[in-house]
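S.K.: Structure for the following, please:
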Amino acid sequence: MASVRQNIINALTWFKAKILTTTISTSVTNAAPTSAAVATALNAKAPTAHASTATTYGLGTASNYGHVKLSDTYATAVTNGAAANGIVPSQNALYNAYNELNSCLINRTRQNIVANVQNGNLAAAASEQNLAKYGLRIGDYFAGASGYEYIVADMDTFYGGRDAYAVVNQHHIGLVVNTKTTTQWNETNDTSTGYAGSVYKTYIHNTVLENVQSDIEALTGDVWSAHMVGHQLLWSTGTGAWTWSGNNEYISALSSVQVFGSPICDMNYYHTGEANKPLAVFQKFWYPQIFGGRGVWLRSVASAS
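M.R.: I've put the predicted structure just below:
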């Protein structure tokens with residue numbers, strides 16, 4: 001049995017050796033290729049450095065591995081930029097796209113900035129008209145001892161305005177005050193006195209204003225008049241009547257233009273008055289996000305509840 005096994009091994013060894021011998025013999029005895037044949041063979045191969053403006057050496061697609069072309073463009077479509085054409089974004093394009101998306105996400109978040117009110121950063125941002133310098137954004141908020149929430153709503157809302165009575169000649173930041181009130185606009189469904197004669201106006205311009213002034217003084221450690229600017233209001237005194245307030249006012253109910261961007265709830269211009277510019281905060285956030293899901297009373301709305 002051992003003899004048979006040895007014979008098989010010898011046979012396999014010989015057979016392998018025979019093939020090897022034949023291969024070597026063939027390689028040695030065959031004629032060397034001609035220079036033309038070598039050139040032809042090499043011409044079909046890619047050179048060591050084979051970057052190309054064409055797709056000569058293969059193209060990476062959705063189905064094939066291959067060469068690709070990088071692009072820094074990310075904000076618009078690239079000509080022939082489909083997967084079939086082997087165009088891919090560069091690291092720079094990805095980084096720029098990331099920064100833009102991250103910026104959008106950050107700008108859609110709101111932060112508590114009470115420390116920035118206390119250390120004077122909000123006042124400095126108003127004076128310089130530069131929120132970003134102090135890490136502030138439209139929609140940021142802070143609270144006062146009254147329980148009111150103050151939201152950064154706009155920049156220079158009335159600076160150099162077209163209405164002479166409503167011009168504010170100091171750079172300023174507009175704050176929306178969320179009082180979370182259940183106060184009625186009027187005790188009955190009556191708009192005959194306009195905003196000027198409404199219960200809501202009396203509440204806003206007396207009770208709310210006093211609380212706002214106290215909050216500002218407590219947070220800044222300064223008198224409220226050093227931080228609040230006023231202007232006259234053009235308000236309705238009836239369904240088609242109006243007048244200027246006569247005195248500088250430091251607070252007012254919002255107009256539908258300020259919140260919705262159009263006089264959707266206004267019977268006429270006088271219900272909008274000088275408050276005829278959409279506020280940046282409501283272009284960035286839907287108003288229920290600002291008021292915690294609550295509705296908001298406007299100058300032109302009257303209801304018993």
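
S.K.: Please count neighbours and contacts with C-alpha atoms only from this point.
M.R.: Will do.

S.K.: can you pull out the strands in the stretch 51-200 of the chain?
M.R.: 69-71, 87-89, 141-143, 149-155, 173-178 (DSSP state E, counting those that start in this stretch).

S.K.: would you list those strands in a markdown table and tack on mean neighbour count, mean pLDDT and distance to Leu219?
M.R.: As requested, the strands of the stretch 51-200 of the chain are exported to a markdown table (neighbours: other Cα atoms under 10 Å; pLDDT from 0 to 100; distance: least, Cα to Cα, whole Å):
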| stretch | mean neighbour count | mean pLDDT | distance to Leu219 |
| --- | --- | --- | --- |
| strand 69-71 | 16 | 81 | 51 |
| strand 87-89 | 18 | 83 | 49 |
| strand 141-143 | 19 | 95 | 9 |
| strand 149-155 | 22 | 95 | 12 |
| strand 173-178 | 21 | 94 | 15 |
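
S.K.: a markdown table for those strands, including distance to Trp224?
M.R.: What follows is the strands of the stretch 51-200 of the chain, written out as a markdown table (distance: least, Cα to Cα, whole Å):
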| stretch | distance to Trp224 |
| --- | --- |
| strand 69-71 | 55 |
| strand 87-89 | 54 |
| strand 141-143 | 16 |
| strand 149-155 | 15 |
| strand 173-178 | 14 |
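
S.K.: Any idea which of those strands gets closest to Lys284?
M.R.: strand 149-155 (9.7 Å; Cα to Cα).

S.K.: helices and strands around that closest one, which ones?
M.R.: strand 141-143, strand 173-178, helix 280-284 (3 or more Cα pairs under 8 Å, 6 or more residues apart in numbering; DSSP states H and E).

S.K.: how about TSV for those, with distance to Gly246 added?
M.R.: Compiled in TSV, those are given as follows (distance: least, Cα to Cα, whole Å):
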stretch	distance to Gly246
strand 141-143	31
strand 173-178	21
helix 280-284	28
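
S.K.: how about the ones you listed, which one is nearest Lys69?
M.R.: Closest to Lys69 of the helices and strands packed on strand 149-155, according to Cα to Cα: helix 280-284, at 37.9 Å.

S.K.: Great, nothing more from me.
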